[in-house]
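Q: Fold the following and give me the result.
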Amino acid sequence: MHSRTASACVLSREEVLARAEHEHIPEINATALAQHLLSQPEGCRKIEAMIADDMSWAVHRHDERHAQALKQTLRHFVTEHPEGWASLRACACLNS
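A: Residues are numbered from 1 along each chain as shown. The predicted structure is shown next:
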């Protein structure tokens, strides 16, 4: 990710990569999308749902390493954005 992009977004690189994976878009576009979502009332919930979805797909593919990485990404996200805990999906993923 470009350093200018990283400084413009309040998400970690792993969170941006999770967005890029979910949407099948380049990091730069994922950064812009994440920034937009964070400015929306339900944005944090949408971001955590996307990370949780990707985590579920990784488990379904038996890719435990990636699932664990996404779990850490989700844990970091809800730590930095506590409103993410409002989602039952985030709670279920983190408590599994």
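Q: Okay, now the unreliable bits of the chain?
A: Residues of the chain meeting the criterion pLDDT under 70: 1-9, 84-87.
Q: quick one, helices of it?
A: 3-8, 13-23, 27-38, 43-60, 64-80, 88-94 (DSSP state H).
Q: In TSV, list these along with mean neighbour count.
A: C-betas here are computed from N, CA, C, even on glycine. Below are the helices of the chain laid out as TSV (neighbours: other C-beta atoms under 10 Å):
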stretch	mean neighbour count
helix 3-8	11
helix 13-23	20
helix 27-38	18
helix 43-60	20
helix 64-80	17
helix 88-94	17
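Q: quick one: Leu74 and Ala58, what's the gap?
A: Distance check for Leu74 against Ala58: by C-beta to C-beta, to the nearest Å, it reads 11 Å.
Q: now Glu64
A: Taken as C-beta to C-beta, the span from Glu64 to Ala58 is 8 Å.
Q: With Ala92 instead?
A: Distance, Ala92 to Ala58, by C-beta to C-beta: 15 Å.
Q: ok, now Leu70?
A: Computed with C-beta to C-beta, the distance linking Leu70 and Ala58 is 6 Å.
Q: same question, Met50
A: To Ala58, Met50 is 13 Å away according to C-beta to C-beta.
Q: Now for the two: what residues contact both?
A: Listed as contacting both Met50 and Ala58 by C-beta atoms under 8 Å, 6 or more residues apart in numbering is no residue at all.
Q: number of nearby residues for His24?
A: Applying other C-beta atoms under 10 Å, we find 8 residues neighbouring His24.
Q: Now do the phi/psi pair for it.
A: Torsion angles at His24 (phi, psi; degrees, to the nearest 10) stand at phi 60, psi 50.
Q: i'd like the first residue to be 31 from this point on
A: Understood, numbering begins at 31; the last thing we discussed is His54.
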